[in-house]
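Chemist: Need a 3D model of the following:
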Amino acid sequence: MNSYKAQRRAKDDYFRTSAQSPLDAEDRKTFTRLRYFAPDPAYVVTASVARFTEMDHIKMQSSTGRMLDYMRWGKVQFTIEGLPSAELVLYYNGNNLFLPFRDATSGETTYGAGRYLDPELPTGNTLQLDFNLAYNPYCAYSDRWTCPVPPFENWLQIPIA
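Modeler: All right, here's what the predicted structure looks like:
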C-alpha cells in the first residue's frame, strides 16, 4: 500500500510541477491531485503469456485520428473478478511492452478511450499484471497529446476499479 501511495504522490507532483506535465501551466496552478481507485489485491493477477510466433505489425488508431505503429507481441490470459478467462493482447513498440485496455469503467469513472499498463518483458511464460497501476493516457488531460486507442481485442466487459 505504501508503494502505491508513494508512486501516486510522485505522479501528482509531476503533474503539478513539471513543464512536461500533460496539464497546461494554468491548470497546474490549481491542480491538487489525480483521482485514484483504492488499491485492491484482487486486481493483481498472474497471467499466462503466449508469445506470438510472428509479431504482426498493426496500425493502432489514436485519439487524434492518426494511425500509430505497433507490433502484436503476445497474449495474456488470466482470471479476474469472476471473469474466468480474460484475454488481452500485449503490444510492442520496439522498446517496451504496452497494454492498452478498456473496461466497464471507461467513459464512466475513467477516461472513455481506455487506460494503459506498462508491463515488464516476461522472462518466462507468466507475467504479473497489477491493474492498480492502470493509468489514463495524457490525452485524457489535454488534446495536445496523441494517444493510442485500445483496439476491440483489448476490451474487458467487467470494471477494473
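
Chemist: Need the CA coordinates for whichever strand in the chain runs longest. PDB is fine.
Modeler: Longest strand of the chain, by residue count under DSSP state E: strand 67-80. Provided in PDB are the C-alpha atoms of strand 67-80 (Å, rounded to 0.1, in the frame of the first residue of the first chain):
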ATOM      1  CA  MET A  67      -2.500   5.700 -37.000                       C
ATOM      2  CA  LEU A  68       0.300   4.600 -34.800                       C
ATOM      3  CA  ASP A  69       2.700   1.600 -35.500                       C
ATOM      4  CA  TYR A  70       2.800  -1.300 -33.000                       C
ATOM      5  CA  MET A  71       3.500  -5.000 -33.100                       C
ATOM      6  CA  ARG A  72       1.200  -7.600 -31.600                       C
ATOM      7  CA  TRP A  73       3.700  -9.300 -29.200                       C
ATOM      8  CA  GLY A  74       1.600 -11.900 -27.500                       C
ATOM      9  CA  LYS A  75      -1.500 -12.600 -25.500                       C
ATOM     10  CA  VAL A  76      -2.100 -12.800 -21.700                       C
ATOM     11  CA  GLN A  77      -4.800 -14.900 -20.100                       C
ATOM     12  CA  PHE A  78      -5.900 -14.500 -16.500                       C
ATOM     13  CA  THR A  79      -8.800 -14.700 -14.100                       C
ATOM     14  CA  ILE A  80     -10.100 -11.500 -12.500                       C
END
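
Chemist: Tell me what angle the helix or strand following it forms with strand 67-80.
Modeler: Counting by DSSP states H and E, the element after strand 67-80 in chain order, helix or strand, is strand 83-92. Our comparison of strand 83-92 with strand 67-80, counting by axes from the mean of the first three to the mean of the last three CA atoms, to 10 degrees, yields an angle of 150 degrees.

Chemist: before we move on, the earlier item: any residues touching the longest strand of the chain, and which ones?
Modeler: The contact list for strand 67-80 (CB atoms under 8 Å, 6 or more residues apart in numbering) reads 42-43, 45-52, 55-62, 85-94, 97-99, 127, 129, 131, 146, 148, 158, 160. From N, CA and C alone the C-beta is placed, and that goes for glycine too.
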